[in-house]
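>>> Provided below for reference: sequence and predicted model.
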Amino acid sequence: MNGSVQTWFHGFRWLTLLFALRLAETSALAASATDVTDRFYYPEVVQKVHLEIKLDDLDRMHRALPQRIYVPGSFRWNDQVLTNVGVRFKGNSSSMPDSPFKRGYLIDFAEFKKGQRLPGLRQVALDNGIQFGSLFSERLITDVLRGVGVKASRCNYARLYLNGKFLGVYVNVERINKNFLQRQFGNDEGALFKVDEGGPGAGLEYLGNDPALYRKSFELDGGAEAKSYAELLEFIRALNEPAVAEEALRKRLDVEAFTKTTAVMLFAGAFDQYTGWQPHNYYLYRNPTDQRWAYIPWDLDVGFADRAFGHIPVLQGWNAAWPVPVPGRPLMERLVSSPELLRDYREQATKILETWFKPEILIPKLRAMHAQIRADLTEDPFPSRRATVPSDSGYEDILASMEDFIRKRYNSARSQLDAPGNRPRPEPMQPMPEQSGPQPGPASADAPTNLRAVKVTASSVELRWKNHANEAVACIVQRCTGTEAEDFANAIGQSGRDITTAVDRNLQPGKTYRYRVYSVLPTPKGPRGTGPSNVITVSIPEN
């Protein structure tokens, strides 16, 4: 071997060795991060998380409500200590300034220190568990989703300490972000959209060919902006085009995962989802490996409750054989209008019902979760009831009501799947038993104007108006029934700025409804309603 060849050969061997070492190092780091996250979300352990926040910064967090702002703090879990992390309150229930219930927390490790991570994690989310599903819904539902092969968050329980003081038991739930995508899909380069509060097009309706029409509802969390919105628009357009066949739909969407998710949401009574009564609380990810969209549900603390808020007919209005409680959502309509898709859904639903939702299977799991944190709950300083169910007197009430739902849901779903019959008419939501939440104020210059109905069907009305309250944090549509009626009640609430549209999907054919709308502004004393808009009357055609 001559000198030049020998030099090249040794150089090649050196580069090969260096590459192998780097590859081994990268693999070791990835394995190490995976080990950390597996330990952090291990379901058999109640974690202990410590936060340290200066008193002045805590005061700033509270004074900023209902806006949720990040303040610096430190995070400790076992031997992992990270400083200068971002901490803020998490969730709408934590935004009310005078709430007596525990507040959720979101920790972002890189908010104030770029690139900082807990190995394998960018964020930690601690849910307060005060909704209908208490501390149990999110764990039960995500366990089932992962068990049937749907990509879903991991979660367990955590004791949270703030400046050394025990704040209570929380649900420690994995965030949907690049770490999640890498773990579940093996990549994170695709378009990732978050649908949080809903809004125009959140039901996957086609609004037109301008991507700007979808930006209010679909928040881009990953991917190149122009390309991602173009891909989203193509998907929504195809979904709303009857000429696009089932085979073409399967090439655009992971249909099997979506049908499984639909069944799980129905059996669990997770009504606050796209598959239920509200088209929000989900992500869409376009997997670059197969160019298909994946539907990823999140915020699953609402479940296992019937007649929620006294008027959502979860059991009676959500048929297991015809899983469309609210007509008109394109993807759900595709599911029940295609004989092949409907057959596949029913087959999957039957397997899931018998494997995961039998009372003799699910109730012991619920009881075991409670047993895991029973001792911790005795020290929890916050009310031992759900914010949404004032009649709770303790966790035995919560467990009893959830067990009752599990039994009733299984029995009704079993009979519906055994004898599907024809598609039932939608069960309208009952009026709220009493006025709650903000109310419109006297006539004002910042009140919405030009309220009008732009689309009317036998089961829905699409409303639009002009917004004049630039600092509004929400908009509420009020409704009453009858040509001369004046007993307006809050019917549709949407959080966010510059809301100018809403769809009422809980209507009865042949009825007449009256509508008005108002905006909600934050004040030091709580939310304040603007004056109401003009009133319109809408007659719903017969079927």
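Cool, got the structure.

>>> Check the offset of stretch 356-364 from the chain's centre.
Centroid separation for stretch 356-364 versus its chain: 24 Å, with CA atoms, centre = their mean, to the nearest Å.

>>> any residues touching that stretch, and which ones?
Outside of stretch 356-364, the residues within contact range by CB atoms under 8 Å, 6 or more residues apart in numbering are 140, 144, 147-148, 264, 267-268, 355, 403, 406-407, 409-410, 413. C-betas here are computed from N, CA, C, even on glycine.

>>> ditto for stretch 454-469
Identification of contacts with stretch 454-469 by CB under 8 Å, 6+ apart yields 327-328, 426, 445-453, 475, 477, 498-505, 507, 509, 513, 515, 517, 519, 521, 530, 533, 538-543.

>>> buried ones in it?
Using 16 or more other CB atoms under 10 Å as the burial criterion, the residues of stretch 454-469 that qualify are 457-465, 467-469.

>>> residue closest to the middle of the chain?
The centroid of the chain falls nearest to residue 281 when counting by CA atoms, centre = their mean (2.4 Å).

>>> quick one, domains of the chain?
What automatic domain parsing lists as the domains of the chain is 1-32, 33-173, 449-539.

>>> List the single closest residue to the residue nearest to the centre of the chain in space, sequence neighbours excluded.
Closest residue to residue 281 apart from its sequence neighbours, by CB to CB, 6 or more residues apart in numbering: residue 299 at 4.3 Å.

>>> And for that neighbour, the neighbour number?
When neighbours are counted by other CB atoms under 10 Å, residue 299 registers 21.

>>> pretty sure it is in contact with residue 270, am I right?
No - with contacts counted by CB atoms under 8 Å, residue 299 stays clear of residue 270, the gap being 9.4 Å.

>>> Name the next helix or strand following the helix or strand of the chain with the lowest mean pLDDT along the chain.
Across the helices and strands of the chain, mean confidence by mean pLDDT, DSSP states H and E is lowest for helix 3-40: a mean of 50. Where DSSP states H and E defines the elements, the next helix or strand beyond helix 3-40 is strand 46-52.

>>> how long is stretch 411-426 from one end to the other?
Using CA to CA, to the nearest Å, the end-to-end distance of stretch 411-426 comes out at 20 Å.

>>> For that stretch, buried residues please.
Taking 16+ other CB under 10 Å as the neighbour-count basis, stretch 411-426 is seen to contain the buried residues 413-414, 416-417, 426.

>>> Can you show me the strands along the stretch 151-300 of the chain?
Listed in chain order, the strands of the stretch 151-300 of the chain (DSSP state E, counting those that start in this stretch) span 155-162, 165-173, 192-195, 219-222, 282-287, 292-297.

>>> counting contacts, what elements does the longest one pack onto?
Using 3 or more CB pairs under 8 Å, 6 or more residues apart in numbering; DSSP states H and E as the contact criterion, the elements in contact with strand 165-173 are strand 46-52, strand 123-127, helix 137-147, strand 155-162, helix 359-377.

>>> okay, the residue nearest to residue 281: pLDDT?
Residue 299 is assigned a pLDDT of 92 by the prediction.

>>> Tell me which residues touch it, please.
When contacts are taken as CB under 8 Å, 6+ apart, residue 299 is in contact with 91, 272, 281.

>>> could you redo the last one with a cut-off of 10 Å?
Under the criterion of CB atoms under 10 Å, 6 or more residues apart in numbering, the contact partners of residue 299 comprise 91-92, 125, 127, 131, 138, 153, 173, 176, 196, 270, 272-273, 280-282.

>>> quick revisit: okay, the buried residues of stretch 454-469 in TSV with secondary structure next?
Formatted as TSV, the entries for these read as follows, by DSSP: H, G, I helix; E, B strand; the rest coil:
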residue	secondary structure
457	coil
458	coil
459	coil
460	coil
461	strand
462	strand
463	strand
464	strand
465	strand
467	coil
468	coil
469	coil
